[in-house]
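1. using only what follows, build the 3D model:
(one chain, ligands or ions: 3)
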Amino acid sequence: MSVPSASKDRKIRARDVLARCDLLARFSEDTMGLRRTFLSPPMHNCHAEIAAWLKPLGIESKVDAVGNIRAFYPGIRPDSPRLLIGSHLDTVPEAGKYDGILGVVLAIALLEEMEGRRFPFAIEIVGFSEEEGVRFGVPFIGSRALVGRADDELLDLRDWNGISIREAIRQFGLDDRKISEAKLAGDTLGYLEFHIEQGPVLEKLNRPLAAVEAIVGQTRLALHFLGKANHAGTTPMGARHDALAGASEWMTFVESHANQIAGLAATVGSIEAKPGAANVIPGEVRITLDVRHKSDEVRSRAVRELAGRGAEIVNRRGLSLQWSTLLEQSAVPMDDLMTREIEAAIRNSGCEPHRMTSGAGHDAMILSERVPSAMMFLRSPGGISHDPAETVLLEDVEAAIEAGIQLLNRLADSKEFLGRTQRA
Ligand code: GLV
Ligand code: MN
Ligand code: MN
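-> Ligands and ions are numbered 1, 2, ... in the order given. Modelled structure (predicted):
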């Protein structure tokens, strides 16, 4: 059976998308594996590569003061309002090639598919500099600047080398005094993000694409257990104040408690024990806790219960415990109109859409504070993400390109979308 030429072209486009994700994965802080944190040197290479892809389309890109790459494709009229399409370019340590990156690369592929055709809205592509929260412990630095929340408290945070966000911005060659210029333009109609699902739902349903109706809320905490370091051979078991044993008891409780609450995810993702020698009782432990649920009430209650058990454990063991909140992010519904249009676009492209909640955080949850925001998910083979084995199927990328084009056409025809009062 002969394949219609449009779909043949789309397969080539999808291949290009995957090849570009491979290419960007070469820009890493680590020689073994992919790690590209906020404003790290390889982000310069990433920006240069993206700028080179945009140039043949006649699009100049610029990097704003927090390191987001931004590119503007004009609409039919000079005063057409704009639709933002984007995702993030930073990664976790030992990352896959697609989390965030695929969304930026797909957005560029959509512009290429347009072949110069204009819409009643301009399209601004954004490659966010930071979403994962790896370097400074707090996520969404890039998108926070767009909604006007890159405040002094954020900019004064320091990384593990004692460098503040403000200093990191200067070291990258940017001007922190210009952060307010990164804010969303007042003519922004909405924000759209393509992203891999990062979980097993679509694969189980045997569907390639989904519309995201909500993103779960998150609490991220830093915990510091303090005990007393002492000799591992001479200190009797009953006379110890072992910070790591206390932290471990609490971590085990975190897992068993989360198992009892439907939909709750609670993770201790990093741990540091000091002084860190086989023959020394640990006197100090620092860990992080990440708690997520679609209901803010359930999440807050769980955090209170975990805190209560932490207090009980440290009292009993003669330890002390300090907490600090790194992130308190409410669950966020996506824009209903855009989500319905995404479902319809997926259906028009020949796939059965699924509606789902995202367990991962996304820039869309920050943008939605100011503009209607929506997301399309692509199936994640094996449900694997935040790991080098993260992948995406060629045919799903092809389907996402087709659905993306359908979506842009639908939004261009939607009086409701174009006529909405702008909130940015
Ligand atoms: C981002 O990937 C997050 O959900 O932590
Ligand atoms: Mn992501
Ligand atoms: Mn991620």
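2. and the pLDDT at the nearest residue to Gly217 once chain neighbours are set aside?
-> Leaving aside its chain neighbours, Gly217 sits nearest to Ala331 (3.8 Å; criterion: C-beta to C-beta, 6 or more residues apart in numbering). In short, each C-beta sits where N, CA and C put it, glycine included. Ala331 is assigned 97 on the pLDDT scale.
3. same question, Asp387
-> If you check Asp387, the pLDDT there is 98.
4. again with Glu115
-> What the model reports for Glu115 is a pLDDT of 89.
5. hmm, back to that, residues contacting the residue nearest to Gly217?
-> Residues near Ala331 by C-beta atoms under 8 Å, 6 or more residues apart in numbering: Ala214, Ile215, Val216, Gly217, His293, Lys294, Ser295, Asp296, Arg299.
6. among the residues you listed, which one sits closest to ligand 2?
-> Proximity of the contacts of Ala331 to ligand 2 (C-beta to the ion) peaks at Ile215, which lies at 11.0 Å.
7. which ones are touching that closest one?
-> By C-beta under 8 Å, 6+ apart, the contact set of Ile215 is Ala331, Val332, Met334, Thr357, Ser358, Ala360, Gly361, His362, Ala364, Met365, Met375.
8. beta partners of it?
-> Using DSSP bridges, the beta-bridge partners of Ile215 come out as Val332, Ser358.
9. swap in Ser164?
-> Beta-bridge pairing of Ser164 under DSSP bridges involves Arg158.
10. what is the burial count for it?
-> Applying other C-beta atoms under 10 Å, we find 16 residues neighbouring Ser164.
11. okay, it and ligand 1: tell me how far apart.
-> Ser164 is 23 Å from ligand 1, where distance means C-beta to the nearest ligand atom, to the nearest Å.
12. that residue contacts Asp152, doesn't it?
-> No - between Ser164 and Asp152 there is no contact under C-beta atoms under 8 Å: 10.3 Å.
13. does any bit of stretch 19-37 sit next to ligand 2?
-> No - judged by C-beta under 5 Å from the ion, stretch 19-37 makes no contact with ligand 2; its nearest approach is 12.5 Å.
14. interface residues of the stretch 51-200 of the chain facing ligand 2?
-> Counting by C-beta under 5 Å from the ion, the stretch 51-200 of the chain sits next to ligand 2 at Asp99, Gly100.
15. all the helices of the stretch 51-200 of the chain, residue numbers only.
-> Along the stretch 51-200 of the chain, the stretches classed as helices by DSSP state H, counting those that start in this stretch are 101-114, 141-146, 152-155, 165-171.
16. tell me the most buried of those helices?
-> Mean neighbours per residue, mean count of other C-beta atoms under 10 Å, is largest over these for helix 141-146, with a mean of 29.
17. elements contacting that helix?
-> Other elements packing on helix 141-146 under the criterion 3 or more C-beta pairs under 8 Å, 6 or more residues apart in numbering; DSSP states H and E are strand 122-128, helix 363-367.
18. how does it look with 10 Å?
-> strand 82-88, strand 122-128, helix 152-155, helix 165-171, strand 188-196, helix 363-367 (3 or more C-beta pairs under 10 Å, 6 or more residues apart in numbering; DSSP states H and E).
19. so for Ser180, which of the ones you listed sits nearest?
-> Nearest of the helices and strands packed on helix 141-146 to Ser180, taken as C-beta to C-beta: helix 152-155 at 11.9 Å.
20. now render the contacts of Ile215 as CSV, adding distance to Asn45.
-> Shown next, in CSV, are the contacts of Ile215 (distance: C-beta to C-beta, whole Å):
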residue, distance to Asn45
Ala331, 36
Val332, 32
Met334, 33
Thr357, 35
Ser358, 29
Ala360, 26
Gly361, 26
His362, 24
Ala364, 26
Met365, 28
Met375, 27
